[in-house]
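*Asks:* Pasting a predicted model and its sequence here:
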Amino acid sequence: MSLGGSVKIFLDTANLREIEEAASWGVLSGVTTNPSLMAREEGADFQETIQAITRLVDGPISAETVSEDADGMVKEGKTYAAWHPNVIVKVPATLEGLKAVARLKDEGIRTNVTLCFNANQALLAARAGAFVVSPFVGRLDDISESGIELIQEIADVFAMDREIETQILAASIRHPRHILEVAKAGADIATCPFKVLVQSMKHPLTDKGIDMFLDDWRRREAVQVASAGTS
Ligand code: E4P
């Protein structure tokens, strides 16, 4: 059940340099990948990449299946899950995906139901036994629907049902404001592109404040040196 108010930060990338850097900030609780993100890492082997991520981040690491039928998803899922206990198998929010979730759950394998665009998909995914559901906030905003309202609706539906333990993983995060909005709407996790996390820590007044403090410090040191010279 989602109680809201405490959102974990995941990184949405398959780029090992980005993951290593973001992990050093101490804020990462997990990583999500998808076939498009993997395709950006030219020449990288999928299994090696996922296993390298598990060494960098101690938390759920999502690896996506590419089969269109449940048998194929289950087969891929079992293979991925054998790579590391932290691997979460991503399946699409389709009827075949639901079958795969139920079968993988029976095998003790955790799933992430991805490409979720309405609360019915999320509810059925939860009922089938998904570990997390991934509503895509930015892609809904792109078609003039509210991704944040979807997070809120799923959180409300899950909160009404004590049996649901599925977490809400807000995906397709496009800007820092999204992170706060999904947190307030009841998401358990926000998976963010590297760029969005960098932007999240940027503020012109922080940079200006650092410059002012350093200038004042240097001026103070110059005064001390000058007064030491005259004494
Ligand atoms: C989630 O797990 C997906 O990888 C991701 O958030 C998709 O976002 P996009 O709309 O930026 O491709």
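*Replies:* Okay, I see it. Residues are numbered from 1 along each chain as shown.

*Asks:* Okay, E145 and P193: tell me how far apart.
*Replies:* In this view, E145 and P193 are 21 Å apart by CB to CB, to the nearest Å. Glycine gets a C-beta too; all of them are placed from N, C-alpha and C.

*Asks:* nope, N112 is what I was after
*Replies:* In this view, N112 and P193 are 17 Å apart by CB to CB.

*Asks:* So the two - more neighbours on which side?
*Replies:* More crowded of N112 and P193, by other CB atoms under 10 Å: N112, with 28 against 19.

*Asks:* And for stretch 100-119, what's in contact with it?
*Replies:* 32, 34, 60, 62, 64-65, 70, 73-74, 77-78, 81, 88-93, 97-98, 121-122, 125, 128-136, 139-140, 150, 153-154, 157, 169, 171 (CB atoms under 8 Å, 6 or more residues apart in numbering).

*Asks:* Show me which of the residues you listed are buried.
*Replies:* Among the contacts of stretch 100-119, those classed as buried by 16 or more other CB atoms under 10 Å are 32, 34, 60, 62, 64-65, 70, 73-74, 77, 81, 88-93, 97-98, 121-122, 125, 128-136, 140, 150, 153-154, 157, 169, 171.

*Asks:* pLDDT averaged over the longest helix seen in the chain - what is it?
*Replies:* Longest helix of the chain, by residue count under DSSP state H: helix 204-230. Helix 204-230 carries an average pLDDT of 94.

*Asks:* Give me the distance between the lowest-mean-pLDDT helix or strand in the chain and the centre of its chain.
*Replies:* The helix or strand of the chain with the poorest confidence is helix 204-230; it has a mean of 94 (mean pLDDT, DSSP states H and E). Chain-centre distance of helix 204-230: 41 Å, with CA atoms, centre = their mean, to the nearest Å.
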